[in-house]
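Fold the following.
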Amino acid sequence: MICVILAHPYPSRSRANRILAEALRQTPSLELRSLYDLYPDFDIDVAAEQGALERARMVVWMHPVFWYSVPSLLKHWFDRVLLPGWAFGEDGAALRGKACLWVATTGGDEHAYSEHGVHGRSFADFVAPLQQTARFCGMQWQPPFIVHGAGRLDDESLQRQAQGLLRRIEPWVERQMQGVAGELRP
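Sure, this is the predicted structure:
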């Protein structure tokens, strides 16, 4: 199973994340958990979230980039769900070996995330906190899937991005389907 943790504070106003999420929802063996829909009061059901992660072979963190980081509820989710003794530390092996894919949308285009762009840094400079979170939990970090300038892309371009995202997760979907087929054999 692939577990997608979607953290968009304004899902009804997001074209990019909505199109990406709609494409993912069509994927077999995928559970999409929209944090702001599930926990508008920030009262996270830790057991439910950990259960979803335990069932997954791949975990996807999907969100818009806010101030070079994750939206506040996703940061809170990390703090509440990725606990010592469960996600890391002594006896903390629940996520060990699971693939982790970061899917992010940005307001700025690729040039904005360059030495000469408005942000003065490459986007790669902002990857480390998420990458280290995954690695600290023993997860297998995958190259991120970033959609730059998401608010300025037309629907056709966003659909192409969604198809690219589906191609990125396809190997895990195929492995899952092979595993299910293997379980059905006598």
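
For the residue nearest in space to the middle of the chain, give the beta-bridge partners.
Nearest residue to the geometric centre of the chain (C-alpha atoms, centre = their mean): W61, 1.6 Å. Beta bridges link W61 to I5, W102, judged by DSSP bridges.

give the contact list for it.
I5, A7, V70, L74, C100, L101, W102, V103, L130 (C-beta atoms under 8 Å, 6 or more residues apart in numbering). Where you see a C-beta, it was placed from the backbone N, CA and C, and this is true even at glycine.

Which parts of the protein are helices?
15-25, 35-38, 46-55, 72-81, 128-136, 155-184 (DSSP state H).

Which of those has the highest mean neighbour count?
Comparing the helices of the chain on average neighbours per residue, with mean count of other C-beta atoms under 10 Å, the densest one is helix 15-25 at a mean of 19.

got the contact list for it?
Contact with helix 15-25 is made by 4, 6, 8, 11, 30, 32, 34, 60, 62-64, 103, 105, 147, 150-151, 153, 155, 158-159, 161-163, 165-166, 169, as judged by C-beta under 8 Å, 6+ apart.

ok, now stretch 156-167?
Contacts to stretch 156-167, defined as C-beta under 8 Å, 6+ apart, come from residues 15-16, 19-20, 22-24, 27, 103, 145, 147, 150, 153.

Identify, from these, the entry nearest to Q178.
Among those, T27 lies closest to Q178 (C-beta to C-beta), at 15.1 Å.

ok, now how distant is that closest one from I44?
Distance, T27 to I44, by C-beta to C-beta, to the nearest Å: 24 Å.

repeat for L130
For L130, the distance to I44 - C-beta to C-beta - is 18 Å.

Can you select the buried ones from the contacts of W61 in ChimeraX?
Selection of buried members from the contacts of W61 for ChimeraX, criterion 16 or more other C-beta atoms under 10 Å:
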select :5,7,70,74,100,101,102,103,130
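
Please put the alpha-carbon coordinates of stretch 27-47 into CSV.
C-alpha atoms of stretch 27-47 as CSV (Å, rounded to 0.1, in the frame of the first residue of the first chain):
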residue,chain,number,x,y,z
THR,A,27,-4.3,4.4,-8.0
PRO,A,28,-5.0,0.9,-6.6
SER,A,29,-3.7,0.1,-3.1
LEU,A,30,-3.2,3.8,-2.2
GLU,A,31,-4.6,5.6,0.8
LEU,A,32,-4.7,9.3,0.7
ARG,A,33,-5.0,11.0,4.1
SER,A,34,-5.8,14.8,3.9
LEU,A,35,-4.6,16.1,7.2
TYR,A,36,-6.5,19.4,7.1
ASP,A,37,-9.7,17.5,6.4
LEU,A,38,-9.1,14.9,9.0
TYR,A,39,-7.7,17.2,11.7
PRO,A,40,-9.0,20.8,11.3
ASP,A,41,-8.5,21.2,15.1
PHE,A,42,-5.0,19.8,14.9
ASP,A,43,-6.0,16.9,17.3
ILE,A,44,-4.2,14.1,15.5
ASP,A,45,-5.3,10.5,16.0
VAL,A,46,-1.8,9.1,16.5
ALA,A,47,-2.9,5.5,16.5
